[in-house]
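Trainee: here's my sequence, what's the structure:
(2 chains)
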Amino acid sequence: MSERRGRRVAGVGPGYRERLRALGLVLPLLIFLGVTFLAPLGTMLLRSVYDPVVADALPATLTALRAWDGEGLPPEAAYEAAAREIGTAREARTLGQVASRANRIESGLRGVLTRTARDLREVTEGPWREAMTAIDSAWVDPGTWHAIRAAGERFTARHYLNAVDMRRLADGSVARQPEERRIYLPLLWRTLLVSLAITVFCLILGYPIAHLIAHAKPGRAGLLLALVLVPFWTSLLVRTTSWIVLLQTQGVVNDLLVAIGLVGDDGRLSMVYNMTGTLVAMTHVLLPFMVLPLYSVMRSIPPLHMRAAASMGATPAQAFRRVYWPQTLPGVGAGSLLVFILAIGYYITPALVGGSSGQLISNMVAYHMQTSLNWGLAAALGALLLVGVLVLYLLYDRLIGVERMSLGS
Amino acid sequence: MTGARIGRFGYLAFCTCVFIFLVAPIIVIVPLSFNAEPYFTFTEGMLRLDPEAWSLRWYREIVENEAWTRGLVNSLVIGVSATVLATGLGTLAALGLSSPAMPARRFITGLLISPMVTPVIISAAGMFFFYTNLGLAQTHLGLILAHATLGLPFVVITVVATLSAFDHNLTRAAASLGAGPVRIFRTVQLPLIAPGVISGALFAFATSFDEVVVVLFMGGLEQRTIPRQMWAGIREQISPAILAVATFLVVFALALLLTVEWLRRRASA
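Mentor: Sure thing, here's the model as predicted:
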C-alpha cells in the first residue's frame, strides 16, 4: 500500500516532495494570516454591503411595504406591523440602532421613531395610521416609508454610493448629492493631491542626500546613512510630537523667527494643526522610505560613468541628465511608489498635527468608526482606499517586485 | 570653474539642510524633556544654562505615574509575545519561500508582505469587526495576534534577504551526510541566518512597540500601551512628561538601530 502511494507521488513529477515541503513551511503562516488578517479584511468588506439590523428588527413591516407601489401612502397593514415592531424593538433595546440607520437616509427620523415608540405605548388598538400620524405627521410623508424600506435592505450599495457622494432617490434612481453635501470625493481628491505633493517633496529632498551618501567615502557614508536611519527607527509618535513642539505658535521655530526678527511677536506663523503641519510632518516621516531605495540604486552606479561623460565634453548638467538620472530611475520609481502608497493611507500624523484642514481619507474612516458609528460607511470608504492601495501595490510588484522590497540598506 | 564650485557649494548646503530637517526634530525634544517648567519650549533660564531651569521632574513623574508604568508592562508583554509569534512563523515561511521548489512564490510573497502596505486604519477596522465577533477585542491575546500580523512582513523580508545569500549546497551536503530536516535547520541554517532572524525580530518588536491604531480600536483600559498613553497625552493634556517618554523611546530606537546595523555587518562579514 505504502509502496503504491510512493510510486504515485513519484509519478506527479520530480520535486513534488520538495514543493510539498516548501509549501508546508509557509502553510502555518498562511493559515495564521488567513485568520488574523484576511478574515478581518473580509469582514470589513462584508460590512460595507451587508447590514441586517433593520431587516431583523422590522421584518413584517418590510414585508408589508413590499406590497406598496411607492405612490401615496402604504397600506394599513404596514402601519400596524410598524407600530408593533417599533414597540418590540424599543423593548429589545435595538430601536436606537434602527433609528440611527433610518436617520442616515432621512434625517429627522431618529426623533420620529423614538417619539412614536414612546407614545404608542398608550395606544392599544387601531386604526394605526391615524394613531401614528397623531404622534408625528412624518407618518403621512411617503419619504419616511421610502427611508424605512431602504434601510431594511440587507444587502445594499448605499454605503458605496454615500462614499462617492451619491444617493438613491425615492424613485430608485441614483443622483449626486447636493453641492454642499459632497464631502468624500473632494476628500479623496485631497488625499491623492497631498500624497502626490509629499512624494514630490520627498524626491526633491531625498535625491541629493541619497546621492551624497552613495558616493561619499565609506566611513562618512555610514555616518550620514545613520542620520537617515535614526528617524526611520524612531517612534512615529515621537516624531509627530517633535513637530508639534517645533512648529506650534509658542514653539521653537516661531521663537527663533521672533528672536531674529523675521516675524513680529504678534505675527507668529501657524504651522501646525493645519495642512502645513500634515505636509511637513509626513514628508519627514516618509523621507527615509525615499532615500533608502535611491541610495541602494545609486551605490551601484560606477563614478566612472560621470567621468567618462565629462571627458567627452558633457557639462555636469548634461552628464547628469543623460547618464546619471536615467540609471537612477528604478530607485526613483521604487521610492516614489512606496512613499505614495504609505501616504494615501496615513492616519496617525494627520490626526495629530493636521487640525481640521489637514485631514485625509483615513481620518474620515476613523471618524465613522469611532465617532459617528456609521460602520457601513467606514467600511465602504476603507474598501475604496484598500482597492487603491492594492492597485498601487500590484504596480509596485510589476515594476520592482515585492520580494525586492528591502529594509535599511 | 567658479560656476561648478558654486554648484557644489549649493548642493552641500542643501544636503546639510535636509539632514538638519531629518534629525533636528529628534534632537530638540531631548533637552526640552529636562524643562523645569510645564512648557513645550526653551525658557530663558534654559538658554542661560541656569541650573534652576533644568530638572528631572518629568522623568520622576513618568516613573511614579502608574499609567506609564502599566503602559510599559503592557507594551512589553504584547510586544514580546507578538515578536515570538511573528519570528517563529515568519522564519518558517521564509525558509519555504527561499526553497527553489516553492510554488507560486511571487503571489505568496506578495500576500505575506501585504499587512505592511495595507493602511493600518483598514487593518485596524477589519480586526475590530472580526475580533469582536470572536470575543478577542479588549484582550491581550487579540492585540498580540494583531501585532504579530503587522510585524510578520518585516521578519519575512529580512530572513528571506539573509537566505538569498545562503548557499543551498550546504543543506544538500548535510542531507547527504544523513542529517534530517530539523537537524539541518538547527545546526546548519539557523547559525547562518541568525543575524537576519534577530533583525527581523527587532523590526517586529519595534512595530508592536510603536503601534497605536489597533490598540486605539481594540484595546480597553487594561490594554493601554506606551504609544496609546502618548496618544492620549498628545491629544488631551500635553505635558513635558511626554517628552521624557519620547526621549526614552529615542534612546531605545538608537539601541535597536545599532544592534541591527551590527548584525547586518556581522552577517555580511
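Trainee: what about the helices in chain B?
Mentor: B:2-32, B:44-47, B:57-64, B:66-98, B:105-117, B:120-133, B:140-164, B:168-176, B:181-184, B:190-209, B:213-218, B:226-235, B:240-268 (DSSP state H).
Trainee: run through the strands of the stretch 51-200 of chain A in chain order.
Mentor: Secondary structure of the stretch 51-200 of chain A by DSSP state E, counting those that start in this stretch: the strands cover A:166-168, A:174-176.
Trainee: before we move on, the earlier item: out of the helices of chain B, nearest to residue A:75?
Mentor: helix B:120-133 (37.7 Å; CB to CB). Any C-beta I mention is one placed from the backbone N, CA and C, and that applies to glycine too.
Trainee: what helix or strand is residue A:301 on?
Mentor: Residue A:301 is part of no helix or strand, with elements assigned from DSSP states H and E.
Trainee: correct me, but it touches residue A:326?
Mentor: No - at 10.2 Å, residue A:301 does not count as touching residue A:326 under the criterion of CB atoms under 8 Å.
Trainee: and residue A:24, what does it touch?
Mentor: Taking CB atoms under 8 Å, 6 or more residues apart in numbering or on different chains, we find residue A:24 in contact with residue B:96.
Trainee: and the next helix or strand past the least confident helix or strand in chain A by mean pLDDT?
Mentor: Least confident helix or strand, chain A: helix A:2-12 with a mean of 45, by mean pLDDT, DSSP states H and E. Remark: after helix A:2-12, the chain's next helix or strand is helix A:16-33, criterion DSSP H and E.
Trainee: which positions in that following helix come out as buried?
Mentor: A:19, A:21-23, A:25-26, A:29-30, A:32-33 (16 or more other CB atoms under 10 Å in any protein chain shown).
Trainee: how about stretch A:145-159: buried residues?
Mentor: A:145-153, A:156, A:158-159.
Trainee: could you find the closest non-adjacent residue to the closest residue to chain B within chain A?
Mentor: Residue of chain A nearest chain B, by CB to the nearest CB: residue A:345 (2.4 Å). Excluding its sequence neighbours, the residue lying closest to residue A:345 (CB to CB, 6 or more residues apart in numbering or on different chains) is residue B:119, at 2.4 Å.
Trainee: gap between the one you found and residue A:365?
Mentor: 8 Å (CB to CB, to the nearest Å).
Trainee: quick one, which of those two is more surrounded?
Mentor: Just comparing residue B:119 and residue A:365: by other CB atoms under 10 Å in any protein chain shown the higher neighbour count belongs to residue A:365, 28 against 25.
Trainee: ok, residue B:174 - how many residues close by?
Mentor: If we define neighbours as other CB under 10 Å, then residue B:174 has 18 of them.
Trainee: confidence score at it?
Mentor: Residue B:174 carries a pLDDT score of 89 in this model.
Trainee: ok, now residue A:13?
Mentor: Looking at residue A:13, the pLDDT reads 51.
Trainee: and for the one 3 residues further on?
Mentor: According to the prediction, residue A:16 has pLDDT 84.
Trainee: of the buried residues of helix A:16-33, closest to residue B:203?
Mentor: residue A:29 (15.9 Å).
Trainee: mind listing what the closest one touches?
Mentor: So residue A:29 contacts B:89-90, B:92-93, B:112, B:152, B:156 (CB under 8 Å, 6+ apart).
Trainee: and the strand or helix carrying residue A:203 with helix B:2-32, angle?
Mentor: Residue A:203 belongs to helix A:184-214 when assigned by DSSP H and E. Here helix A:184-214 runs at 110 degrees with respect to helix B:2-32, directions being taken by axes from the mean of the first three to the mean of the last three CA atoms, to 10 degrees.
Trainee: which positions in helix A:184-214 come out as buried?
Mentor: Judged by neighbour count using 16+ other CB under 10 Å, the buried positions of helix A:184-214 are A:184, A:187-188, A:190-192, A:194-195, A:197-199, A:201-203, A:205-214.
Trainee: ok, back up a step: quick one: closest of the strands of the stretch 51-200 of chain A to residue A:397.
Mentor: Closest among those, once you apply CB to CB, is strand A:166-168, at 32.1 Å.
Trainee: can you name the residues in contact with that closest one?
Mentor: By CB under 8 Å, 6+ apart, the list of residues contacting strand A:166-168 from outside reads A:150, A:158, A:161, A:174-177.
Trainee: just the buried residues from those residues, in PyMOL please.
Mentor: Entered in PyMOL, the line below selects the buried ones among those, by 16+ other CB under 10 Å:
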select buried, chain A and resi 150+158+161+177
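Trainee: residue 231: what's it in contact with?
Mentor: Looking at chain A here, since you left the chain open. A:239, A:284-285, A:287-288, B:22-23, B:25-26.
Trainee: you looked at the wrong chain, it should be chain B
Mentor: A:237, A:352, B:212, B:216.
Trainee: likewise for residue A:270?
Mentor: Contacts of residue A:270 (CB under 8 Å, 6+ apart): A:249, A:276.
Trainee: look at it and give its secondary structure.
Mentor: With DSSP: H, G, I helix; E, B strand; the rest coil as the basis, the three-state label of residue A:270 is coil.
Trainee: relative to residue B:64, how far out is it?
Mentor: Counting by CB to CB, the gap from residue A:270 to residue B:64 is 35 Å.
Trainee: also residue A:38?
Mentor: For residue A:38, the distance to residue B:64 - CB to CB - is 44 Å.
Trainee: more neighbours, those two?
Mentor: The neighbour count for residue A:38 versus residue B:64, taken as other CB under 10 Å, is higher for residue A:38 (17 against 9).
Trainee: show me what contacts that one?
Mentor: Residue A:38 touches nothing, counting by CB under 8 Å, 6+ apart.
Trainee: can you pull the pLDDT of it?
Mentor: Per-residue confidence (pLDDT) for residue A:38: 97.
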